[in-house]
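In: Coordinates for the following, if possible.
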Amino acid sequence: MIKYKSANQLSIEEFRTPFELKLDKENRWVKLASIIPWDELAGIYYQSMSTGMGAPSIDARIVIGSMVIKHKLKLDDREVVETIRENIYLQYFLGLSAYTAEPLFDRSLFTAFRYRLGQDKFDLMSQRIIAAALGIPGTEAAEKQEGKPPGDRDNARVDQSATGADQPVQNEPSPKGKLKMDATVADQLIKYP
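Out: You can find the predicted model right below:
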């Protein structure tokens, strides 16, 4: 069941904090909260959900915002829940009206979030967030992502076995730069005592 309130963000002055602290308007999470098209992302998230059946869902803004926090800060599921619980700016980013010391959801729900989103919806949401950050309308950004450039590598390559040539096509770019290799995770045949 869908449970969502509009993304009209509370002003910083309306956000209730312990000890009546004032939130900084220049904080990165405050700025990011104003850029992200929350209603559009919620529509994408709720596409596969029923409006009348099932248990009430967690607000889409909390789900989407938690995924943004997870990927932006490169945290694991458990750390995301704890970081949100501890940070007042992250709670403002998620659209809460007041600070709460309680966890918003259990860390195990991240698995359900990822399953519900899937790769296609996740990619679409990422495109919309990037488009909003760059000031490009969302549909225009999606069209740019889907369209392949005319000099695509797959189209420029000729089947060498059919032509009998061992040389790549002239349009093929030559490799540039240096490859750095790291052997810290290479298998070693070490016998332990």
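In: in which helix or strand would I find residue 56?
Out: Here residue 56, judged by DSSP states H and E, is contained in no helix and no strand.
In: Repeat that for the one 5 residues further on.
Out: With secondary structure defined by DSSP H and E, residue 61 is part of helix 60-73.
In: immediately after that helix, which helix or strand?
Out: Next element after helix 60-73 (DSSP H and E): helix 77-86.
In: Give the buried residues for that next one.
Out: Buried residues in helix 77-86, counting neighbours by 16 or more other C-beta atoms under 10 Å, are found at 77, 80, 81, 84. Using the backbone N, CA and C atoms, a C-beta is placed for each residue, glycine as well.
In: Reformat those residues as a markdown table; add pLDDT and distance to residue 192.
Out: Output for the buried residues of helix 77-86, formatted as a markdown table (pLDDT from 0 to 100; distance: C-beta to C-beta, whole Å):
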| residue | pLDDT | distance to residue 192 |
| --- | --- | --- |
| 77 | 90 | 32 |
| 80 | 93 | 36 |
| 81 | 92 | 37 |
| 84 | 93 | 41 |
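In: buried set for the helix holding residue 61?
Out: Neighbour-count burial for helix 60-73, with 16+ other C-beta under 10 Å as criterion, is recorded at 60, 61, 62, 63, 64, 65, 66, 67, 68, 69, 70.
In: how many neighbours does the closest residue in space to the third one that isn't next to it in sequence have?
Out: Distance criterion C-beta to C-beta, 6 or more residues apart in numbering; nearest residue to residue 62, sequence neighbours excluded, is residue 94 at 5.0 Å. In terms of burial, residue 94 registers 20 neighbours under the definition other C-beta atoms under 10 Å.
In: Now do residue 94, the pLDDT please.
Out: Looking at residue 94, its pLDDT is 91.
In: Surely it and residue 63 touch.
Out: No: look at residue 94 against residue 63 with C-beta atoms under 8 Å: they stay out of range, at 9.2 Å.
In: sorry, back to before: I'd like the buried residues of helix 60-73 as a markdown table, with distance to residue 51 and pLDDT appended.
Out: Converted to a markdown table, the buried residues of helix 60-73 look like this (distance: C-beta to C-beta, whole Å; pLDDT from 0 to 100):
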| residue | distance to residue 51 | pLDDT |
| --- | --- | --- |
| 60 | 13 | 86 |
| 61 | 17 | 89 |
| 62 | 18 | 90 |
| 63 | 17 | 89 |
| 64 | 18 | 90 |
| 65 | 22 | 91 |
| 66 | 22 | 92 |
| 67 | 22 | 90 |
| 68 | 25 | 91 |
| 69 | 27 | 93 |
| 70 | 27 | 92 |
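In: With distance to residue 88 as added columns, please give the residues you listed in TSV.
Out: Converted to TSV, the buried residues of helix 60-73 look like this (distance: C-beta to C-beta, whole Å):
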residue	distance to residue 88
60	21
61	16
62	15
63	20
64	19
65	14
66	16
67	20
68	17
69	13
70	18
